[in-house]
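**Q** what would the 3D arrangement of this be:
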Amino acid sequence: MPELPEVEVVRLGLEAHVAGRVISSVEVLHPRAIRRHDMGSLDFCARLASQPMVAAKRRGKYLWVELADKAAMLAHLGMSGQMLVQPSSAPDEKHLRVRFRFTDGGPELRFVDQRTFGGLALAELVEVDGTLVPDSVAHIARDPMDPLFSRDAAVRALRLRHTEIKRALLDQTLVSGIGNIYADEALWRARLHGTRMTDKLTKVKAAELLDHATDVMREALGHGGTSFDALYVNINGQSGYFDRSLNAYGQENRPCKRCGASMIREPFMNRSSYSCPRCQPRPRS
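**A** Residues are numbered from 1 along each chain as shown. Reported below is the predicted structural model:
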């Protein structure tokens, strides 16, 4: 699933190429792409026609386009969703699901989704702590790249929980934007095993871990995000390449870049965790 850096790459592209343009028409080519819009495709298309795309916004891994009158279009990228800007003359992609045309006659916005786990939906914007967000995102915490993010508040929230630290990092109501890849990378940098309990962390160590998570996501953003296949792309269809810089995630049986020990993979919530058994020993029970 795309994490904060991958979603931010898409947001930046939408802000540059779509924000400020007015929708002339919408074409839904697969009903699953708007399954979260209960009123169906005709209503979805009618409500978006003549709407301006005011700005592209994000909180954590959640992406949306602000419309007029405190409305928004949420974009759930899922495992393979792509928002592509293409000239109208470009051939349709094999897995094109929704097409947006604009009144200026310029490039189209296309939602392409091979696995159809993603989708688009309309939502109402509500104010949460002085910021407008879609009502379905109101419970999501600020992410470390949000100018109003409070590291001290996040540290307090983490240490008040009694849970494993990796589970806490993935809890989007505590700190948003961090997924499995960047959690493993932050834990490796902090020399912490993911099963360490949050209420056993010192304030200094918890703050250090959040700083590492922020740093690794900023670095990934600078590389265009992490791409393991052709499904993770920006609006121009280009893949990121931070996967070449990963220290932990996906490094099973490779030498740790810090101490040389063989990296290990452990099962975690139907996924995998990667760590160094020497630098990140399991905590004693």
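
**Q** can you list the strands that the longest strand seen in the chain pairs with?
**A** In the chain, assigned by DSSP state E, the strand with the most residues is strand 119-128. Partners of strand 119-128 in the sheet, by DSSP bridges, are strand 71-76 (antiparallel), strand 131-134 (antiparallel).

**Q** and among the ones you listed, the most buried is which?
**A** Across these, the average number of neighbours (mean count of other Cβ atoms under 10 Å) peaks for strand 71-76, which reaches a mean of 21. To be clear about C-beta, it is placed using only N, CA and C from the backbone, and glycine gets the same treatment.

**Q** alpha carbons only: can I get stretch 251-271 in PDB?
**A** Output of stretch 251-271 as PDB, limited to C-alpha atoms (Å, rounded to 0.1, in the frame of the first residue of the first chain):
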ATOM      1  CA  GLN A 251      16.400  -7.100   3.200                       C
ATOM      2  CA  GLU A 252      16.000 -10.700   4.500                       C
ATOM      3  CA  ASN A 253      19.300 -12.700   4.500                       C
ATOM      4  CA  ARG A 254      21.300  -9.700   3.400                       C
ATOM      5  CA  PRO A 255      24.000  -8.300   5.700                       C
ATOM      6  CA  CYS A 256      22.900  -5.500   7.900                       C
ATOM      7  CA  LYS A 257      24.400  -2.200   6.600                       C
ATOM      8  CA  ARG A 258      25.400  -1.200  10.100                       C
ATOM      9  CA  CYS A 259      26.800  -4.400  11.700                       C
ATOM     10  CA  GLY A 260      26.900  -7.100   9.000                       C
ATOM     11  CA  ALA A 261      24.600  -9.600  10.700                       C
ATOM     12  CA  SER A 262      22.100 -11.300   8.500                       C
ATOM     13  CA  MET A 263      18.800  -9.500   8.400                       C
ATOM     14  CA  ILE A 264      15.700 -11.500   9.300                       C
ATOM     15  CA  ARG A 265      12.000 -11.500   8.400                       C
ATOM     16  CA  GLU A 266       9.300 -12.200  11.000                       C
ATOM     17  CA  PRO A 267       5.500 -12.500  10.500                       C
ATOM     18  CA  PHE A 268       3.600  -9.400  11.500                       C
ATOM     19  CA  MET A 269      -0.200  -8.800  11.200                       C
ATOM     20  CA  ASN A 270      -0.500 -10.900   7.900                       C
ATOM     21  CA  ARG A 271       2.600  -9.000   6.600                       C
END
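
**Q** tell me which residues of that stretch come out buried.
**A** Neighbour-count burial for stretch 251-271, with 16 or more other Cβ atoms under 10 Å as criterion, is recorded at 251, 256, 263, 264, 265, 268.

**Q** contacts for it next, please.
**A** 166-167, 170, 180, 188, 194, 247-248, 272-279 (Cβ atoms under 8 Å, 6 or more residues apart in numbering).

**Q** avg pLDDT for the helix or strand hosting residue 159?
**A** Using DSSP states H and E, residue 159 falls within helix 151-160. Looking at helix 151-160 alone, the average pLDDT works out to 97.

**Q** next: stretch 245-263.
**A** Stretch 245-263 comes out at a mean pLDDT of 95.

**Q** what do you get for stretch 58-74?
**A** 95.

**Q** for burial, what's the neighbour tally of residue 42?
**A** By the criterion of other Cβ atoms under 10 Å, residue 42 has 9 neighbours.

**Q** for residue 27, see how far away it is.
**A** 12 Å (Cβ to Cβ, to the nearest Å).

**Q** closest one of the contacts of stretch 251-271 to residue 132?
**A** residue 170 (25.6 Å; Cβ to Cβ).

**Q** tell me what the strand or helix carrying residue 13 is packed against?
**A** Under the criterion of DSSP H and E, residue 13 resides in helix 4-17. Under the contact criterion of 3 or more Cβ pairs under 8 Å, 6 or more residues apart in numbering; DSSP states H and E, helix 4-17 touches strand 55-59, strand 62-66, strand 81-86, helix 203-222.

**Q** can you list the strands that the second one pairs with?
**A** The sheet places strand 62-66 alongside strand 55-59 (antiparallel), strand 71-76 (antiparallel), with pairing taken from DSSP bridges.

**Q** tell me the secondary structure for residue 32?
**A** helix (DSSP: H, G, I helix; E, B strand; the rest coil).
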